[in-house]
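Participant: Using only what follows, build the 3D model:
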Amino acid sequence: MKLQSAQRRGRPSTTSATVGDFVLSAMICFAAASPFVLVREAKAYNFRISLDNLAGKVGLNSGPEPELTSVIGNIIYGALGLLGVVSLLIIIIAGYKWMMAGGNEETVSNARAMIKNAVIGVIIALGAYAITYFVISKLI
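Facilitator: Next up is the predicted model:
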């Protein structure tokens, strides 16, 4: 039925004609409804105050600047967290390589080595996290 109406209008009988009709109808509906949208004044000041209150409740102070030791600790914790994510991705990629090896011993041994190295990296990252936590807690 739709293809016949498209052919009567002189358009090619493809689904792109019906998609074009749908897009045109949607644009007309949105344009017709746009005057009825109520515009309100922005309440940015009140939003900022409530955002600062919420930040204070969760422990993100917008007051004085933090000490250098806590900034360094946060950077180190972030870097170690990123290392954990990277090693998890390496383990996932190695597992995929192992599954797709298809019996090829060289690929399987390569995937096993990748998993072993990623686990060693996680252990080193956890050790570094523990040492950093100990040192930063003694400095603060």
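Participant: Let me know the pLDDT of the residue nearest the centre of the chain.
Facilitator: The residue lying closest to the centre of the chain (CA atoms, centre = their mean) is residue 85, at 12.6 Å. Confidence at residue 85, expressed as pLDDT, is 88.
Participant: How about the one 3 residues further on?
Facilitator: With respect to pLDDT, residue 88 scores 89.
Participant: Enumerate every residue touching it.
Facilitator: By CB atoms under 8 Å, 6 or more residues apart in numbering, the contact set of residue 88 is residue 118. In this view, the C-beta of every residue, glycine as well, is placed from N, C-alpha and C.
Participant: Number the residues from 132 up from this point.
Facilitator: Understood, numbering begins at 132; the last thing we discussed is residue 219.
Participant: where's it, which helix or strand?
Facilitator: For residue 219, the host element (DSSP states H and E) is helix 199-230.
Participant: got the angle between the helix or strand that that helix is followed by and helix 199-230?
Facilitator: Downstream of helix 199-230, the first helix or strand assigned by DSSP H and E is helix 236-270. Interaxial angle of helix 236-270 relative to helix 199-230 (axes from the mean of the first three to the mean of the last three CA atoms, to 10 degrees): 170 degrees.
Participant: So which elements touch helix 236-270?
Facilitator: On a contact count with 3 or more CB pairs under 8 Å, 6 or more residues apart in numbering; DSSP states H and E, helix 236-270 meets helix 199-230.
Participant: Name the residues of the helix it packs on that come out as buried.
Facilitator: Using 16 or more other CB atoms under 10 Å as the test for burial, helix 199-230 gives 204, 207, 211, 214, 218, 221, 222, 225, 228, 229.
Participant: can you redo those as JSON lines with distance to residue 263?
Facilitator: Output for those, formatted as JSON lines (distance: CB to CB, whole Å):
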{"residue": "204", "distance to residue 263": "7"}
{"residue": "207", "distance to residue 263": "5"}
{"residue": "211", "distance to residue 263": "7"}
{"residue": "214", "distance to residue 263": "12"}
{"residue": "218", "distance to residue 263": "17"}
{"residue": "221", "distance to residue 263": "22"}
{"residue": "222", "distance to residue 263": "23"}
{"residue": "225", "distance to residue 263": "27"}
{"residue": "228", "distance to residue 263": "32"}
{"residue": "229", "distance to residue 263": "33"}
